[in-house]
Each structure stands twice: as structure tokens, then as C-alpha cells.
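Student: What follows is a predicted structure for the sequence shown.
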Amino acid sequence: KSTLGKIIKINVNSKNYKIISKGHRNPQGLFFDVKKDYLLSTEHGPRGGDEINLNLNPNKNIKNFGWPVSSYGEHYSIKDNPQKYSKYPLHKSHKKFGFEEPIKYFVPSIGISEIIKFKDNKYIVSSLKDRSLYSFTINEKFNLENLKRIEIGERIRDIIHNEKEKKIYVFLEDLAGIGLIEYN
């Protein structure tokens, strides 16, 4: 009955909510693609295992993305507490245990943060630890393709797309500044 580890949809008028998905460790970014009717979410994994998840038809089905049973990361304190791994093993397969697989996971962790769409089928995620942006596309079978790393050299807390101006604003944490990417 808890909302911990879940993405919820809130009706701002009635304050009622609906669970959209569960099994999330630490969600960071959300993007609902209205045209494609899917929700993209990013989340921090444990040591490694940051994820990009795709939730197809989010208003129809509650998907479970596996945390704390499945993750491509590892526990932080495994050397200090080996019993933790025997009790909570973090299975590397999600699907084998009845969960949704991420469309992309990062080992080692990139410190994933925000996600945006900037063209018809092109998306960007930002990273804190890796100090980079990652652009990609999603094909007709809902698989992530064409992943490209764009080094920025700063921790990126947030990104915003201004479609009209064809600009992406990049909020840089270390400098407490804003970067600007123009494209055509």
C-alpha cells in the first residue's frame, strides 16, 4: 500500500492517485511520450545498474521493474555484510523473475539524471557522475538504438528542451551555470 518505489499519477483536483509502475529504486527523470503512449523513466541503480525504463501504455498496466529483487548493479556494503547478498541477491535478469527489463542499463553507473525528447524519435539523458549527455532513438520494437555519448565535462543536474528555438538548456551543477546546445 506504500507509494515507495513507485511512479504515481496524481489528479491535482481530487488528490487521488493511481500507481503507474513499481519496482523502482531511485527515479530521477520522467518523460511521457504522448504520440507513442509510453513513459520513459531513468533511475539510479545501486553500485552500477542505472536504468532507462520504458513503460508501454502506462495508463493500462502496472509494470514492475524489479527493485529490490533484480538489478544489474551490486550492493554497496557487500564486503561488510555478506549475509545481505544471500538474503537479497540482486538477480541480473529481470525477465526471468517476472519483471520488466530496462531498455538500457549502465554498468558502471553514470549517475543518470533527466530525460527529454528533442526530435521525433530522439531522446537525451543527462548524467551526474559521467558528466555527459547520451542521445539515442527507440525503434518500432521499443528497443533503444544509436546510443551516443556527448562529453560535457560537468555534472548535469537537469536538461530542458525548447523545441521552438531548437535549443537544449543544460543545467550544470559544478559551475552553477547553464549551458546551451543549439541544433538544426
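Tutor: Received it, and whenever you're ready, just let me know what you need.
Student: Just name whatever secondary elements the host helix or strand of Ser135 is in contact with.
Tutor: Element membership of Ser135, judged by DSSP states H and E, is strand 132-138. Secondary-structure packing of strand 132-138 (3 or more C-beta pairs under 8 Å, 6 or more residues apart in numbering; DSSP states H and E): strand 122-127, strand 144-151, strand 156-162. Every C-beta, even on glycine, is put in place using the N, C-alpha and C of the backbone.
Student: please redo it, this time with the cut-off set to 7 Å
Tutor: If you count contacts as 3 or more C-beta pairs under 7 Å, 6 or more residues apart in numbering; DSSP states H and E, strand 132-138 packs onto strand 122-127, strand 144-151.
Student: any idea which of those is most buried?
Tutor: strand 122-127 (a mean of 23; mean count of other C-beta atoms under 10 Å).
Student: sorry, back to before: in TSV: the helices and strands packed on strand 132-138, plus mean pLDDT and distance to Lys60.
Tutor: Shown next, in TSV, are these (pLDDT from 0 to 100; distance: least, C-beta to C-beta, whole Å):
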stretch	mean pLDDT	distance to Lys60
strand 122-127	97	22
strand 144-151	97	22
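Student: and those as TSV, adding distance to Glu165?
Tutor: Putting these into TSV (distance: least, C-beta to C-beta, whole Å) gives the following:
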stretch	distance to Glu165
strand 122-127	16
strand 144-151	19
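Student: Relative to Gly29, which of the ones you listed is closest?
Tutor: Proximity to Gly29 (C-beta to C-beta) singles out strand 122-127 among these, at 6.8 Å.
Student: Asp174 is nearest to which of the helices and strands packed on strand 132-138?
Tutor: Evaluated over these, closeness to Asp174 peaks at strand 122-127, with 12.9 Å, by C-beta to C-beta.
Student: Helices along this structure, start to end?
Tutor: Using DSSP state H, the helices found in the chain span residues 82-87.
Student: which residue is nearest the centroid of it?
Tutor: Thr42 (0.8 Å; C-alpha atoms, centre = their mean).
Student: For that residue, give me its contacts.
Tutor: Contact analysis of Thr42 by C-beta atoms under 7 Å, 6 or more residues apart in numbering lists 28-29, 51-52, 112-113, 115, 125.
Student: at 10 Å what do you get?
Tutor: Thr42 sits next to 24, 26-31, 50-53, 102, 104, 106, 110, 112-115, 125-127 when contact means C-beta atoms under 10 Å, 6 or more residues apart in numbering.
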